[in-house]
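*Asks:* Below are the sequence and a predicted model; questions follow.
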Amino acid sequence: GMDEEAQTAHVSWDKATLAPVDRLRSDRADSPTPGLVEGTEPGAAVQKSAMFVHAQSFEDLTAEAEKATGKEENPDESGECAEELQVLVGEKNIEEQHNRDGSPQGRTKEEDVSSETWRSHRKHVFVLSEAGKPIYTRYGTEEALSSTMGVMMALVSFVEADKNIIRSVHADGCKVVFLAKSPLVLVGVTQTCQSEKELLRELHYIYYQIVSLLTLTQLNHIFQHKQNYDLRRLLAGSEYLTDNLLHRLERDPGLLLSAVTCLPLANSARDVVSSSLQAAKAKNLVFSILLAGDRLVTLVRKKDQFLHHIDLHLVFNLVGSSSSFREGEGWTPICLPKFNTAGFFHAHISYLEPASELCLILVSTDREDFFNMSDCKQRFLERLSKRSAYQALKEALKCPSYSMEQVGIPELRHFLYKSKSSGLYTSPEFPFVYQSDEEQERLMGLYQELHSHLHYPTRPLRFYYRCGETENLLAWVTNGFELYLCFSPLSTKALAVSAVNKLLKWIRKEEDRLFILCPLTY
Amino acid sequence: MSARKTSFTDKRTKNGTSKYVLERCASVNEYYDIVFKVMLLGDSSVGKTCVLVRFKDGAFLGGNFIATVGIDFRNKVVEVDNVKVKLQIWDTAGQERFRSVTHAYYRDAQALLLLYDITSKPSFDNIRAWLTEIHDYAQKDVVIMLLGNKSDLAAERVVKKEDGEKLAKEYGVPFMETSAKTGINVELAFLAIAKELKHRATQQPNEPKFQIHDYIESQKQTSGCCGLK
């Protein structure tokens, strides 16, 4: 199907920077109402500006990657890029290097691509070049799939020849979704009930993952130079990042909601951590991010520079996927594609203590900034360890989440709540009925479905209630928040509505702990 | 704090000729007299990180291969002739896409450990390309050492020890085979580097020159009875 609206319907949300209206703490309503304006919902930042580029979640992903704020901050552009490209394309030992780099990776891909097991995987993802050369497959090896990917490229080209675009093929319980992002083509194949749009959203994430490793400028340059180039050479050793990202897409509500979640921490302690980080600044430092596992402790940014949640998820994925940062201090180039697809930032990545979950990421524009960043980390640590906040932070790590019992609404099993203006969400642990991986993934699938209904491009719903055999579901979107709830199948709609009110009150009461209300800039 | 500052100014003022000032520096929990930067280079998966971990923690990283992302920076203090030498060790990713990042740090290094994998012919064949890069980007007086790693894997060996020796001789660099798994020659490699750098920095006019080749020859162990191919 050629749905034209897919190209026109979306609004470029990330052009608007996030600056909620000026207001005082006393403006915050005790009990949020449906007429709530954005920026006053539970979890919204108290101060003028929040941390992220304004992201209206779904639409944002289908929008084109574009250059965001702050041209002058764009790192490494012209000069250094040219040098890097020369290194990449012009080196004489190119061909030999391929063999070794491609070989011993830590994943088991030896799977017969003609087998039933291979075919029966719930979701396949393929990435290929416009010349039809395999770049990535989730299962099996790229070599074994070169003819399959050739066929995929033939389909894309065939439809393109008629000045048209192939979007999806539906056959035999299978959806095949295509995403052409020159110079790459991404193909998703699913046997689940996942909608085409959701799958497309995931393909975009994979695209950004690859761009974050190489920059779009480099990708374009490489394929202009050599159409037949085998990109696996440059991606060698990074396949696991794409594997893990696909895994996250199935399980992490943050990727679905276009939001991140925070480590629950007393407001006062978080403010001290933030200000310690704020004080440890340097000329080329753009973002300082402190993580506890997959949870944000705090984020300090340069004034007028906003991070996009997609970029932050790519950083999460990099840090979470690699034990290489566990010891010592890591220093790596990273492109944040929603900020700028043309250049690399340079990230200093290290854990505060060897066995700690606390990981500090300092993002600089200068690739020679390692020692400056290392120094920033030391200054942050010195400041932090002088204060009791560090102890409070370590205590908070012991309970990084909360249970539904603590929320105290018996008929409610689980929920996702996103504050739109802050780009932060909160969600409890999975309750007992969703203990197994399969059950958790099933629930995430249900949330995805609700999300699809709420964000349907032509006919978005504001409110959605569904009774099922195993659970009842409710989804509600207002100007201020998005809410997804899961109830016992014995619950009623009236109970569900009253639970929403109780829940919003509870979140309001706990917002100091669950959200970052005072984001800082250097 | 002072330790870091010192190393930083060293980098700035040093120009091959100036001597390091011996000054006991206190870091958060370690004392040292002198600091040097050492970089590990070589193709992806030759065992750079494993060699480093063996040296630093005396352990072997078994299990799945975990590619280093970008550059990884660690410190270890060793004692050479009653002088505490802090080695700042840069472990680099072997993957090609990180090449330009590592280039930027070559010139800071005083010593380079260049590794290949004795079970991988391409990793050995690429050593010449690595040496060319070193020539292009590193300091002229950088100490280079060639290491043939994974010497415990005798059955899978494809690069003869003599080939390693021959290549090392051609470029005039010291050579030995190492095993991060058994630990053979790993400590020696770093110690020889530390000794050489320490002697260079503190040598008195009447003192004899430290002979790194002789030192290694006298200390190194062969990789076992069946490794004599």
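*Replies:* Cool, got the structure. Numbers count the residues shown, from 1 in each chain, chains lettered A, B, ... in the order given.

*Asks:* how far does stretch A:113-120 sit from the chain's center?
*Replies:* Remark: stretch A:113-120 is offset 30 Å from the chain centroid, using C-alpha atoms, centre = their mean, to the nearest Å.

*Asks:* wait, I meant stretch A:483-491
*Replies:* 26 Å.

*Asks:* Stretch A:360-369 now?
*Replies:* So, by C-alpha atoms, centre = their mean, the centroid of stretch A:360-369 is 21 Å from its chain's centroid.

*Asks:* and the residue in chain A positioned nearest to chain B, how far is that from residue B:40?
*Replies:* Using C-beta to the nearest C-beta, the closest approach of chain A to chain B is made by residue A:332 at 2.7 Å. All C-beta atoms are positioned from the backbone trio N, CA, C, and that covers glycine. Relative to residue B:40, residue A:332 is positioned 16 Å away (C-beta to C-beta, to the nearest Å).

*Asks:* ok, now residue B:160?
*Replies:* Per C-beta to C-beta, residue B:160 is found 23 Å from residue B:40.

*Asks:* same thing with residue A:207?
*Replies:* Per C-beta to C-beta, residue A:207 is found 33 Å from residue B:40.

*Asks:* Please identify which of the two sits among more neighbours.
*Replies:* More crowded of residue A:207 and residue B:40, by other C-beta atoms under 10 Å in any protein chain shown: residue B:40, with 27 against 20.

*Asks:* unless I'm mixing things up, the more buried one is touching residue B:50, no?
*Replies:* No. Counting by C-beta atoms under 8 Å, residue B:40 does not reach residue B:50; the two are 10.3 Å apart.

*Asks:* how about the helices in chain B?
*Replies:* Using DSSP state H, the helices of chain B run over residues B:2-13, B:48-57, B:99-106, B:121-125, B:127-137, B:161-171, B:186-202, B:212-219.

*Asks:* what packs against the helix or strand encompassing residue A:287?
*Replies:* Here residue A:287 sits within strand A:285-292, counting by DSSP states H and E. Packing partners of strand A:285-292 (3 or more C-beta pairs under 8 Å, 6 or more residues apart in numbering or on different chains; DSSP states H and E): helix A:267-279, strand A:295-301, helix A:309-321, strand A:358-364, helix A:370-385.

*Asks:* now these in a markdown table, with mean neighbour count?
*Replies:* Converted to a markdown table, those look like this (neighbours: other C-beta atoms under 10 Å in any protein chain shown):
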| stretch | mean neighbour count |
| --- | --- |
| helix A:267-279 | 20 |
| strand A:295-301 | 23 |
| helix A:309-321 | 24 |
| strand A:358-364 | 24 |
| helix A:370-385 | 19 |
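
*Asks:* got the ones you listed as JSON lines, with distance to chain B columns?
*Replies:* Shown next, in JSON lines, are those (distance: least, C-beta to the nearest C-beta, whole Å):
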{"stretch": "helix A:267-279", "distance to chain B": "16"}
{"stretch": "strand A:295-301", "distance to chain B": "21"}
{"stretch": "helix A:309-321", "distance to chain B": "7"}
{"stretch": "strand A:358-364", "distance to chain B": "12"}
{"stretch": "helix A:370-385", "distance to chain B": "6"}
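
*Asks:* Residue A:339: which of these is closest?
*Replies:* The closest of the helices and strands packed on strand A:285-292 to residue A:339 is helix A:309-321. By C-beta to C-beta, the value is 5.8 Å.

*Asks:* and after the closest one, which helix or strand comes next?
*Replies:* strand A:329-334.

*Asks:* What average pLDDT does the helix or strand following that next one get?
*Replies:* Note on strand A:329-334: by DSSP H and E, the next helix or strand toward the C-terminus is strand A:345-351. Taken as a whole, strand A:345-351 carries a mean pLDDT of 96.

*Asks:* same question, stretch A:355-368
*Replies:* Per-residue scores along stretch A:355-368 average to 93.

*Asks:* Leaving out sequence neighbours, find the closest residue to the residue of chain B found nearest chain A.
*Replies:* With C-beta to the nearest C-beta, the shortest gap between chain B and chain A falls at residue B:70, namely 2.7 Å. Nearest non-adjacent residue to residue B:70, counting by C-beta to C-beta, 6 or more residues apart in numbering or on different chains: residue A:332, 2.7 Å away.

*Asks:* Let me see the domain layout of chain A.
*Replies:* Using the TED database, the domain parsing of chain A gives A:116-251, A:260-398, A:404-514.
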